[in-house]
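Peer 1: how would this look folded up:
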Amino acid sequence: MDNKKSSKKNLIWIFLGLVLVMLAAVTALVIYVDPFFHYHGPRDGFYYVVDNQLSQNPGMARNMDYDSCIIGSSMTVNFHTDDFYELMGLNTLKLSYSGAYPKDDSNILNIVFDKDSYARKNNDVKAVFLGLDVPTLTADVNEIKYELPMYLYDDNPINDVKYLWNKDVLLQYIMRPFIQKKGTNLSEAYASWWTDEYYNIQWVMHNYEEPQRVETEADKELFIEQTGENLKVNILPFVEENPDTQFYVFFPPYSILYWNNVICENHLEATMRQYEFAAEEFLKYDNVHLFYFQNMEEVVTDLNNYADYTHYKPEINRYMTECFADGTHEVRSMEQFEDELSSMRDIIERFDFEELFSVEY
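Peer 2: Presented below is the predicted three-dimensional model:
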């Protein structure tokens, strides 16, 4: 009996030993390859798949070599960072969050400007390119789009086991790219799945749902208090605390259908006032370059440039990068911004919405 008990105990210890060896091997492999860049940047000879904004952005922000970054929602995912190097000489990193709220921008900017990170010890932040979606400025200052994997954002090494012993990390981000010998071109990371055939008026209108019409017009000042709070808490502190960094803040060119939504929901004046307020805040800073792209009539009124009512072709991202480089569409005063808004109003007033909706798509 004693021999049987001893044998069982030995088997248990052998099993536990094998488990520990396997866990140690997996841990070592994940740390060495580090597909989420939690401990270090990419290693030569490995293929890295970059497609998980929530999990990979914090590590890239800490451990990549870059001197500028792209921040914002899905309005920013189709930028090619190679264009920023070609046109502006900047080594740019894309850190987009689809559907980003201001708090999402703040969370990643806190990491970008962390002076103790590998990234900041090797490079200063020369420029931040921030796509500003004005509708999200009405969100609560602490609201985020998706729950974050905090073990990849905090400094607690104990909860890193959620990363180190993660089946998907091992199989999808280490083994699969190793077998397929295929990684992500970082210049195009997070690019939209929409291909050329999706950018056409038939696709856009077939999938567009006009919001229910609101009879009562919104108060002109409706959005100002929360917009001001979000700017004060989540965006402007980075501008103020980093005077040597140039912030390229831009209003993305939503299609004319976005403005149809605004009209249907009866807050055109409130929205225009919100844009005006946000612009006024940013123009107070010498290190901010403000760009207004929404009144490019030939772009926003042609729905063949879009895959839905807001998302535009990658070629437009390239054009905006050219504008960042040469100053086209940059707004330098409130007087100029008022002119830009007047131009936008004129486009809205002249556009024939009735004709657009009269066609069968």
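Peer 1: going forward, measure contacts between C-alpha atoms and count neighbours the same way
Peer 2: Will do.
Peer 1: Next one, pLDDT for the residue most central in space within the chain please.
Peer 2: A centroid search over the chain (CA atoms, centre = their mean) returns S96, at 2.0 Å, as the residue closest to the centre. Listed pLDDT for S96 reads 98.
Peer 1: In contact with it, which residues?
Peer 2: Counting by CA atoms under 8 Å, 6 or more residues apart in numbering, S96 makes contact with 53, 57, 70-74, 76-77, 190.
Peer 1: Just give me the neighbour total for G45.
Peer 2: As a burial measure, G45 scores 9 neighbours (other CA atoms under 10 Å).
Peer 1: Look at it and give its secondary structure.
Peer 2: Under DSSP: H, G, I helix; E, B strand; the rest coil, G45 falls in the coil class.
Peer 1: I'd like to know how far it sits from A191.
Peer 2: For G45, the distance to A191 equals 23 Å [CA to CA, to the nearest Å].
Peer 1: so N266 makes contact with D219?
Peer 2: No - the criterion here is CA atoms under 8 Å, and N266 misses it with D219 at 9.6 Å.
Peer 1: who's more crowded, those two?
Peer 2: Shown here are N266 and D219; by other CA under 10 Å, N266 has more neighbours (18 against 13).
Peer 1: What sits closest to that one if chain neighbours are left out?
Peer 2: E217 (5.0 Å; CA to CA, 6 or more residues apart in numbering).
Peer 1: OK, contacts around A279?
Peer 2: Applying CA under 8 Å, 6+ apart, we find A279 in contact with 290, 334, 337.
Peer 1: Tell me the helix or strand right after the helix or strand bottoming out on mean pLDDT in the chain.
Peer 2: Ranking every helix and strand in the chain by mean pLDDT, DSSP states H and E puts helix 2-33 at the bottom, with a mean of 73. Per DSSP states H and E, helix 2-33 leads on to helix 53-63 as the next helix or strand towards the C-terminus.
Peer 1: Counting by contacts, list what that following helix packs against.
Peer 2: For helix 53-63, the elements it packs on are helix 102-112, helix 118-122, judged by 3 or more CA pairs under 8 Å, 6 or more residues apart in numbering; DSSP states H and E.
Peer 1: Now do the helices in the stretch 251-361 of the chain.
Peer 2: 256-264, 268-282, 297-300, 314-326, 334-350, 353-358 (DSSP state H, counting those that start in this stretch).
Peer 1: List the buried residues for the third one?
Peer 2: The neighbour-count check on helix 297-300 (16 or more other CA atoms under 10 Å) flags 297, 299-300 as buried.
Peer 1: nearest to K313, of these?
Peer 2: V299 (9.9 Å; CA to CA).
Peer 1: what comes into contact with stretch 150-160?
Peer 2: With CA under 8 Å, 6+ apart, stretch 150-160 has contacts from 38, 55, 58-59, 162-163.
Peer 1: now stretch 55-64
Peer 2: Everything outside stretch 55-64 that qualifies as a contact, by CA under 8 Å, 6+ apart, is 36-42, 50, 93, 95-96, 108, 111-112, 114, 117-120, 148-149, 152-153.
Peer 1: Make a PyMOL selection of the buried ones in the residues you listed.
Peer 2: Selection of buried members from the contacts of stretch 55-64 for PyMOL, criterion 16+ other CA under 10 Å:
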select buried, resi 36+37+38+39+40+41+42+50+93+95+96+108+111+112+117+118+119+120+152+153
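Peer 1: Could you tell me whether F129 really is in a strand?
Peer 2: Yes - counting by three-state DSSP, F129 is part of a strand.
Peer 1: and it, what pLDDT?
Peer 2: F129 is assigned a predicted lDDT (pLDDT) of 98.
Peer 1: give the contact list for it.
Peer 2: The neighbourhood of F129, defined by CA under 8 Å, 6+ apart, consists of 68-71, 247-250.
Peer 1: Could you look up the SS state of Y173?
Peer 2: Classification of Y173 using three-state DSSP returns helix.
Peer 1: wouldn't M334 be in contact with E281 here?
Peer 2: No - contact criterion CA under 8 Å: M334 and E281 do not qualify, at 10.0 Å.
Peer 1: about what we covered before: of the buried residues of helix 297-300, which is the nearest to N234?
Peer 2: Nearest to N234 out of those is V300 (CA to CA; 28.9 Å).
Peer 1: Point out where the stretch 1-150 of the chain drops to low pLDDT.
Peer 2: The stretch 1-150 of the chain contains residues with pLDDT under 70 at 1-19.
Peer 1: Mind putting the helices and strands packed on helix 53-63 into TSV with distance to W203?
Peer 2: Converted to TSV, those look like this (distance: least, CA to CA, whole Å):
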stretch	distance to W203
helix 102-112	30
helix 118-122	42
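Peer 1: that older thread, between the helices of the stretch 251-361 of the chain, which gets nearest to K181?
Peer 2: With respect to K181, and counting by CA to CA, the nearest of those is helix 314-326 at 26.5 Å.
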